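Undergrad: Make a model of this:
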Amino acid sequence: MSYETNDEITMDAYIEEKLNTKLPKLFFISQPMAGKTDVEIAAERTMIKERIKREINPAATFIDSVLDKNKVEKEIKDKNVKSESLYYLAESLKLLSTADMAVFAHDWLVARGCRIEETAARQYGIDVHYI
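TA: Here you go, the predicted structure:
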């Protein structure tokens, strides 16, 4: 069987275009952060991003879900927040709401925030993946 087209598009370009429309593009990374330095968190995120690009979508883009501590701390103080952890989680959930896929790092089950993010992703129809 042969397929002919009158289009100027090549079959490889056609296949690539179709694959790209099906693959998740924007990724949210959920990872335990308690007890880790900024360097450790960044290193783990880099490894996760590389795996996503290798295993899921080479054209992946990522939501910067590591919040600016100085900015958030000021907001927490200005708003007289009662639960700092809950405030951080709420900010993360806002970011999660924009993702095509949420990716959960090793040991995500030990972190309360990661467990809540995973439940939210599933309940609200965001694809999930575990690394």
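Undergrad: The residue nearest to residue 65 when sequence neighbours are not counted sits in which helix or strand?
TA: Leaving aside its sequence neighbours, residue 65 sits nearest to residue 95 (Cβ to Cβ, 6 or more residues apart in numbering; 5.0 Å). No exception for glycine: its C-beta is placed from N, CA and C like everyone else's. Assigned by DSSP states H and E, residue 95 falls within helix 84-96.
Undergrad: helices or strands up against that helix?
TA: Counting contacts by 3 or more Cβ pairs under 8 Å, 6 or more residues apart in numbering; DSSP states H and E, helix 84-96 packs against strand 26-30, helix 69-78, helix 112-123.
Undergrad: So which bits of that helix are buried?
TA: The neighbour-count check on helix 84-96 (16 or more other Cβ atoms under 10 Å) flags 87, 88, 89, 92, 93, 96 as buried.
Undergrad: residues contacting the fifth one?
TA: Spelled out, that is residue 93. By Cβ atoms under 8 Å, 6 or more residues apart in numbering, the contact set of residue 93 is 116, 117, 120.
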